[in-house]
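Novice: Kindly generate the corresponding structure for this input.
(one chain, ligands or ions: 1)
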Amino acid sequence: MASPARPSPLPLPDTAAGREGLETLLARPAEAVVGLDFDGTLAPIVADPDRAGAHPDAVPALAQLAPLVRSVAVITGRPAEKAVLLGGFADEPGLGHLTVLGHYGAQRWDAATGQLHTPETPPGLAAARAELPAVLADAGDPPGLWTEDKGQAFAVHTRRAEDPEGAFATLRGPLAALAERHGLHLEPGRLVLEIRPRGIDKGVALIHYVQETDARAVLYAGDDLGDLAAYEAVDRLRGEGVPGLLVCSGDEVPELASRADLVVPGPGQVAALLAALAETIRRTR
Ligand SMILES: O=P(O)(O)OC[C@H]1O[C@H](O[C@H]2O[C@H](CO)[C@@H](O)[C@H](O)[C@H]2O)[C@H](O)[C@@H](O)[C@@H]1O
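Specialist: Numbering: from 1, shown residues only. Predicted structure coming up:
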């Protein structure tokens, strides 16, 4: 397949598989799905999760790219409605067909209908939440913790603790045991330990979305451990003949960065990549 000419801002992936994924996306954009994580990928990491917002270049870049590809999905650990709000995704020209898969794919919001589909609250969550204060107290109640109640899940943040890394390490085992006792899953992330339902992850969500849209190429960008399942899904899709490009936003999580085809410094450069993709597709079609 002939490679379309690329303008200089479009970086070249480090791997042959990534280059094939990029070339396929550029050659047949109308068959491609773009999947994007929110925090750390579209939105810079900040101390207060309620004050996270999309990078100023992210939504304009997405709005340029979305009409040129088959579909764009934001796949996030956030509740979908929270990501829509923080991202400013609703009523955005160009994003009329955006899908936001929240709670690692358990929940779905579609811009086209404005409808939000939320599953039943998982059994065990209320009991785990009630037990949390005792678990934190037994672990010495590290000062400066903040618990985010997400409805279908809850997350203990250590970013604003006196010793963020130390508190994370101290709490990981006890919170894993709490999740286990209640049939739930512990999802570790960037200075956050989240207790959420089992049975769904970003990989399952991405595979379903690619199947639903009958896509023949995929780009996925993420920054954290919760994105590893989506990376594994792209590997599986490649094995089934669907080329893919794995992008990592920043290198704070080596488990992810080491598996990426392309590492960019952060959300500003993810936005620049999306804009460069849109520009290249427009120039070469
Ligand atoms: O799947 P994502 O979209 O990446 O969401 C993962 C978690 O992101 C949020 O926490 C992270 O971002 C915060 C704001 O920048 C930061 O303060 C925190 O340290 C990060 O872990 C969010 O608060 C969680 O609910 C998401 O699960």
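Novice: ok, which residues in the chain are in contact with the ligand?
Specialist: 37-40, 45-47, 49, 52, 76-78, 148, 150, 155, 157, 159, 189-192, 194, 224, 226 (Cβ under 6 Å from any ligand atom). C-betas here are computed from N, CA, C, even on glycine.
Novice: which residues does Gly250 contact?
Specialist: Gly40, Asp223, Ala257, Val263, Val264, Pro265, Gly266 (Cβ atoms under 8 Å, 6 or more residues apart in numbering).
Novice: With Asp235 as the reference, measure out to it.
Specialist: Noted for Gly250: a distance of 21 Å to Asp235, by Cβ to Cβ, to the nearest Å.
Novice: now Pro56
Specialist: 33 Å.
Novice: Please apply the same query to Asp224.
Specialist: For Asp224 relative to Asp235 (Cβ to Cβ), the value is 18 Å.
Novice: How about Leu36?
Specialist: 18 Å.
Novice: Compare those two and say which is more crowded by neighbours.
Specialist: Leu36 (26 against 14; other Cβ atoms under 10 Å).
Novice: Would you confirm that that one contacts Val74?
Specialist: Yes - in this structure, Leu36 is within contact of Val74 by Cβ atoms under 8 Å, at 5.3 Å.
Novice: Let me know how buried the closest residue in space to Asp227 that isn't next to it in sequence is, in neighbour terms.
Specialist: Once flanking residues are discounted, Asp227 sits nearest to Asp37: 5.4 Å by Cβ to Cβ, 6 or more residues apart in numbering. For Asp37, the count of nearby residues is 29 (other Cβ under 10 Å).
Novice: quick one: furthest residue from the center of this structure?
Specialist: Distance from the C-alpha centroid of the chain, by Cα atoms, centre = their mean, peaks at Asp138 (32.3 Å).
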